[in-house]
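quick one: sequence and predicted model below, then my questions.
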Amino acid sequence: MTKYSDEFKLMVVRDYPNSPLGFKLLVRKYEMKSYSQLRNGVNIYKKHGAIGLFKKEKQ
């Protein structure tokens, strides 16, 4: 989900558990490229929290 802003990613992954929609329908709702992006984002959020979704700064 690197193409999307941090705020957008957080909004989408937080919407997933509260939504009756599955991955594919949420992807359509938010006009994302693929459902695997959302699935991966949700898994990262579950494992690392919001900080895991944020863009990493290059050093």
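Structure's in. What do you need?

C-alpha from now on. contacts and neighbour counts both.
Will do.

mind checking the backbone torsions on residue 40?
Main-chain torsions, residue 40, degrees, to the nearest 10: phi -60, psi -40.

pLDDT score for it?
With respect to pLDDT, residue 40 scores 92.

now it: how far from residue 22?
14 Å (CA to CA, to the nearest Å).

over to residue 44?
The value you get for residue 44 to residue 22, if CA to CA is used, is 17 Å.

same deal with residue 51?
Residue 51 is 24 Å from residue 22, by CA to CA.

the helices in the protein, which residues?
6-18, 23-30, 35-48 (DSSP state H).

of residue 44 and residue 22, which one has the most company?
residue 44 (16 against 12; other CA atoms under 10 Å).

pretty sure the more buried one contacts residue 54?
No: if you go by CA atoms under 8 Å, residue 44 and residue 54 don't touch, sitting 10.4 Å apart.

and residue 26, how many neighbours?
19.

contacting residues around it?
residue 16 (CA atoms under 8 Å, 6 or more residues apart in numbering).

and the gap between it and residue 36?
In terms of CA to CA, residue 26 sits 11 Å off from residue 36.

what does residue 49 give?
18 Å.

then residue 13?
Taking CA to CA, one finds residue 13 at 12 Å from residue 36.

so these two - more neighbours on which side?
Under the criterion of other CA under 10 Å, the comparison of residue 13 against residue 36 puts residue 13 first, with 22 against 14.

now do the same end-to-end measure for stretch 28-37.
OK, stretch 28-37 end separation, CA to CA: 12 Å.

which of the residues in it are buried?
32, 35, 37 (16 or more other CA atoms under 10 Å).
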